[in-house]
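Asker: With the sequence up front, the predicted model follows.
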Amino acid sequence: MFQPKPMSKLLIVASKQQLEPVITELYRMNIFHIDDFVEKGDEQWEGFKIGMPLKGADTTSSSLVKIRSIASAFGIGSDQLDDVAKAKVQALKQSIEKDLPVIADEVEQLLSQRSRLETSIKEFEQKIEALRPFTDAPFPMELLTGYDSISCIAGTVKSKPAISVSHEIWEKSQKSGLFITVAVRNEDLAAVERSLLDLQLQKVTIPAETGSASALIADYEQKIAGVHKEIEQISAKMAEIREKHHYFLMSSEELLTADVEQAEAPLRFATTDLAFAVVGWVPTEQVTKVYETLDRVCAGKVYTTELEIEDYNEGPPVEYNNPDFSHPTELFMDIYSRPKYTEVDPTLLMSIVYPIMFGLILGDVGYGLILLAMSFGLRSMVKGSEAGNQLMNVLRNCSISSIIFGVIFSEFLGFSLPWGPLWFSRHIPIGATAEGAHHASAIPQLLVVSIWIGILHITLGRIWGALNASRMEHGHHKSLKMFANIGWILVMWGIIVLIWSKFPILLMPDLTKMPELAGGLNVATIAGAVMLVVGLACIARENALDLMEVPTIISHVLSYTRLIAVGLSSVAIALVTNFIAIGLIINPQLANLTPVGVVLILVGVVVFLFGHALNTALGILGGGLHPLRLHYVEFFTKFYRGGGKKYNPFGMIRKLTEQN
């Protein structure tokens with residue numbers, strides 16, 4: 001449960017005649033994680049080389065590319081299909097040979113037509129933009145071009161130009177400046193351009209068009225509208241094809257993906273002219289199944305044996321071995337790093353502790369119900385995404401925890417429930433809510449509870465650190481690591497016992513009254529000092545520089561007080577929102593209702609909704625990130641290494657196809 005699934009390393013060897021049936025059966029079983037063969041010149045693999053793809057791989061791959069191209073153009077995926085009957089492989093292969101070329105040609109023609117039309121729209125739009133400055137010009141566009149002795153200049157200047165030579169000019173005021181067209185003799189062109197450049201001329205190209213700019217723009221806009229209609233017709237045809245062939249395309253993609261992966265599998269095998277060999281990993285509980293299945297399929301003409309594992313830390317891939325309710329939390333583990341094969345897997349503990357921490361922060365029935373509704377309502381947006389569904393499941397678990405702690409704290413959107421707190425109260429007297437409060441807050445007690453969580457959490461981390469050292473280290477370094485982790489536990493608890501022996505603290509053992517031995521030191525003080533010294537010695541034995549990190553023990557434990565501090569900020573925001581919206585805006589208007597009062601009541605409702613919506617968002621952020629940080633920084637750093645290789649079996653879980 002706190003370890004990955006046990007894995008066994010298998011070697012499969014057979015003649016080339018058995019290559020295809022072995023690949024087919026391994027793919028169907030979907031439990032064999034292949035270790036890719038790499039030509040390194042190892043003596044044990046002398047004479048072997050990487051295999052070649054099976055016959056027909058190129059054709060199958062080409063068909064798969066076509067289907068994926070069509071699917072991309074249509075924006076479709078297998079996750080959009082629900083509760084459909086699985087297609088028979090043989091019949092589907094015949095349909096692919098017969099129907100896919102026709103569909104691909106039709107879609108390709110439609111896409112080509114749409115691309116051509118979209119290009120023409122861009123060209124028309126560019127022409128419109130070029131003509132737009134000449135709108136309202138009192139002359140047709142052809143008068144600006146085509147002369148032998150006269151040239152025209154068009155562009156924007158900052159102010160009206162003073163041109164001394166003979167010329168014709170048209171001006172138009174724009175936001176960017178003064179748009180002008182100037183016609184001058186060719187011999188005066190250079191001088192006029194220099195004078196216009198002094199006015200920061202931004203020259204534009206004069207379109208070679210015939211007719212007025214306004215009429216031309218209207219004509220191009222009409223053409224664009226016509227092209228848009230053609231595109232709509234093409235889109236309608238594509239939508240019809242998509243609707244008609246969605247299931248066929250997705251089931252064909254699944255089938256061809258499987259065929260391509262199988263056809264290219266020999267690229268991962270070691271082969272000779274007559275035989276092949278493949279090494280991989282199988283869950284130990286499935287080893288017998290592999291033996292029996294391959295022996296049956298190959299009629300005994302295959303050799304399968306279990307190999308000795310030389311390095312458990314680097315060799316086996318890692319597959320989580322957790323109960324169902326812990327699966328969503330595996331998302332957070334993969335974000336950090338998958339555990340190594342031999343180390344403790346904290347997923348199960350995190351799946352329990354993380355929602356509890358979330359509930360301590362956002363312990364409110366109202367917010368919990370909102371988050372629970374979100375966890376179900378947002379599932380359609382992450383449909384087909386495993387990570388998205390895991391995240392929604394985590395949100396669901398956390399929202400349930402929030403509801404439970406909301407009942408315990410007697411909180412509903414900042415209001416008290418009909419009963420008092422079943423544990424400690426987080427009530428904060430704010431404004432009108434301070435009047436007639438029937439329960440007082442127990443903030444000091446809650447802070448001590450959060451410190452206890454930190455002490456126990458970090459202690460468990462150090463215990464697991466010693467356990468990991470015993471599994472993953474070797475020789476003298478193994479004992480050093482183990483004793484160093486024990487030393488950190490002794491130092492932390494030594495400091496705690498010393499504090500208890502001097503100061504009575506709420507909800508913690510009072511050791512101040514223990515019998516004194518000498519010099520005003522009681523038994524607890526001496527015991528704490530001994531634990532501290534022994535712990536420091538164990539730490540220094542591995543690395544003396546680690547002693548510089550001893551002060552972090554206190555900061556790491558106190559870091560857990562954020563579970564209460566962040567939660568209290570959420571409570572305060574809820575109470576302030578209620579006080580402003582109800583106490584200051586709505587209630588005074590209800591005492592003497594007027595038309596203006598009705599408007600103010602609506603304003604109060606908006607303030608109420610906005611305030612609690614903002615607090616919900618902050619609650620998700622604070623309640624989600626702070627427990628994650630406590631695990632990643634304060635907890636995992638005590639024992640966790642990560643870096644495990646993900647178990648990725650050769651095969652697929654078929655959703656749309658099945659063998660005959």
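Answerer: Perfect, thanks for sending it. Numbering: from 1, shown residues only.
Asker: host element of S195?
Answerer: Here S195 is covered by helix 189-197, with elements defined by DSSP states H and E.
Asker: who does that helix touch, helix- and strand-wise?
Answerer: Packing contacts for helix 189-197, counted by 3 or more Cβ pairs under 8 Å, 6 or more residues apart in numbering; DSSP states H and E, involve strand 150-157, strand 177-185. (Glycine included, C-beta is placed from N, CA and C.)
Asker: thought K160 was touching I169?
Answerer: No: look at K160 against I169 with Cβ atoms under 8 Å: they stay out of range, at 9.0 Å.
Asker: need the helices and strands packed on helix 189-197 in a markdown table with distance to V571, can you?
Answerer: Supplementary listing: the helices and strands packed on helix 189-197 in a markdown table, determined by distance: least, Cβ to Cβ, whole Å:
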| stretch | distance to V571 |
| --- | --- |
| strand 150-157 | 60 |
| strand 177-185 | 59 |
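Asker: Include mean pLDDT and distance to V633 when you put the ones you listed into a markdown table, please.
Answerer: As requested, the helices and strands packed on helix 189-197 are exported to a markdown table (pLDDT from 0 to 100; distance: least, Cβ to Cβ, whole Å):
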| stretch | mean pLDDT | distance to V633 |
| --- | --- | --- |
| strand 150-157 | 92 | 59 |
| strand 177-185 | 92 | 58 |
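Asker: closest one to A265 among the ones you listed?
Answerer: Closest of the helices and strands packed on helix 189-197 to A265 is strand 150-157, at 65.5 Å (criterion: Cβ to Cβ).
Asker: Once you drop chain neighbours, what's closest to A265?
Answerer: Computed as Cβ to Cβ, 6 or more residues apart in numbering, the closest residue to A265 that is not its neighbour in sequence is I23, at 4.8 Å.
Asker: What residue in the protein is the furthest from its centre?
Answerer: The outermost residue of the chain, judged against the average C-alpha position, is S166 (69.1 Å), by Cα atoms, centre = their mean.
Asker: How about it, nearest residue that isn't a chain neighbour?
Answerer: That would be R185: by Cβ to Cβ, 6+ apart, it lies 6.8 Å from S166.
Asker: is it true that that neighbour touches S149?
Answerer: Yes: in this structure, R185 sits in contact with S149. The criterion is Cβ under 8 Å, and the distance is 6.2 Å.
Asker: thinking again about what came up before, just list the residues touching the residue farthest from the centre of the chain, thanks.
Answerer: Neighbouring residues of S166 by Cβ atoms under 8 Å, 6 or more residues apart in numbering: 184-185, 188.
Asker: Let me know whether P207 touches E129 as I believe.
Answerer: No: under the criterion of Cβ under 8 Å, P207 lies out of contact with E129, with a separation of 9.9 Å.
Asker: Need the contact partners of stretch 452-469.
Answerer: 342-344, 346, 349, 353, 357, 478, 481-482, 484-486, 488-489, 492-493, 496, 507-508, 553, 556-561, 563, 630, 634-641.
Asker: now swap in stretch 130-137 and tell me
Answerer: 141, 154, 156, 170, 172, 174, 179, 181, 204-205, 207, 209, 212-214, 216-217, 220.
Asker: how about the residue nearest to A265, secondary structure?
Answerer: Under the three-state scheme (DSSP: H, G, I helix; E, B strand; the rest coil), I23 adopts helix.
Asker: shaky segments in the stretch 401-550 of the chain?
Answerer: Counting by pLDDT under 70, the stretch 401-550 of the chain has low-confidence residues at 430-440.
Asker: swap the cut-off to 80 and go again
Answerer: Counting by pLDDT under 80, the stretch 401-550 of the chain has low-confidence residues at 428-441, 517-520.
Asker: likewise the stretch 551-660 of the chain?
Answerer: Low-confidence segments of the stretch 551-660 of the chain (pLDDT under 80): 659-660.
Asker: more neighbours, R185 and S149?
Answerer: When neighbours are counted by other Cβ atoms under 10 Å, R185 and S149 differ, and R185 comes out ahead with 14 against 7.
Asker: so what's the more buried one up against?
Answerer: For R185, the residues meeting the contact criterion (Cβ under 8 Å, 6+ apart) are 149-151, 165-166.
Asker: give me that answer again for 7 Å
Answerer: Residues touching R185, when contacts are defined by Cβ atoms under 7 Å, 6 or more residues apart in numbering, comprise 149-150, 166.
Asker: now it: how far from K160?
Answerer: Remark: distance between R185 and K160 (Cβ to Cβ, to the nearest Å) = 21 Å.
Asker: V297 contacts I23, doesn't it?
Answerer: No: in terms of Cβ atoms under 7 Å, V297 does not count as a neighbour of I23; the distance is 10.6 Å.
Asker: higher neighbour count, those two?
Answerer: In terms of neighbours (other Cβ under 10 Å), I23 is the more surrounded of V297 and I23; the figures are 22 against 17.
Asker: Measure how buried Q659 is and give me the count.
Answerer: 10.
Asker: Contact partners for the closest residue to it other than its chain neighbours?
Answerer: Among residues not flanking Q659 along the chain, V89 sits closest, at 5.4 Å (Cβ to Cβ, 6+ apart). By Cβ under 7 Å, 6+ apart, the contact set of V89 is 255, 657-660.
Asker: Out of the residues you listed, which end up buried?
Answerer: Neighbour-count burial (16 or more other Cβ atoms under 10 Å) is assigned, among these, to 255, 657.
Asker: Let me have the contacts of V89 in TSV, extended by secondary structure and distance to R379.
Answerer: Written out in TSV, the entries for the contacts of V89 read as follows (DSSP: H, G, I helix; E, B strand; the rest coil; distance: Cβ to Cβ, whole Å):
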residue	secondary structure	distance to R379
L255	helix	28
T657	strand	25
E658	strand	27
Q659	coil	31
N660	coil	34
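Asker: out of the contacts of V89, who's nearest G377?
Answerer: Of all these, G377 sits closest to T657, with 31.9 Å by Cβ to Cβ.
Asker: Who does that closest one form a beta bridge with?
Answerer: Using DSSP bridges, the bridge partners assigned to T657 are A87.
Asker: mind checking which helix or strand the spatially most central residue of the chain is in?
Answerer: What sits nearest the mean C-alpha location of the chain, by Cα atoms, centre = their mean, is A387, with 6.9 Å. Remark: A387 resides in helix 386-409, with elements defined by DSSP H and E.
Asker: could you say what helices and strands that helix packs with?
Answerer: When contacts are defined as 3 or more Cβ pairs under 7 Å, 6 or more residues apart in numbering; DSSP states H and E, helix 386-409 sits against helix 330-336, helix 347-361, helix 365-377.
Asker: most tightly surrounded among those helices?
Answerer: Most buried of the helices and strands packed on helix 386-409 by mean neighbour count (mean count of other Cβ atoms under 10 Å) is helix 347-361; its value is a mean of 23.
Asker: and the closest residue to E658 other than its chain neighbours, how many neighbours does it have?
Answerer: Leaving aside its chain neighbours, E658 sits nearest to K86 (4.3 Å; criterion: Cβ to Cβ, 6+ apart). K86 is flanked by 14 other residues according to other Cβ under 10 Å.
Asker: does L64 sit in a helix, a strand or a coil?
Answerer: helix.
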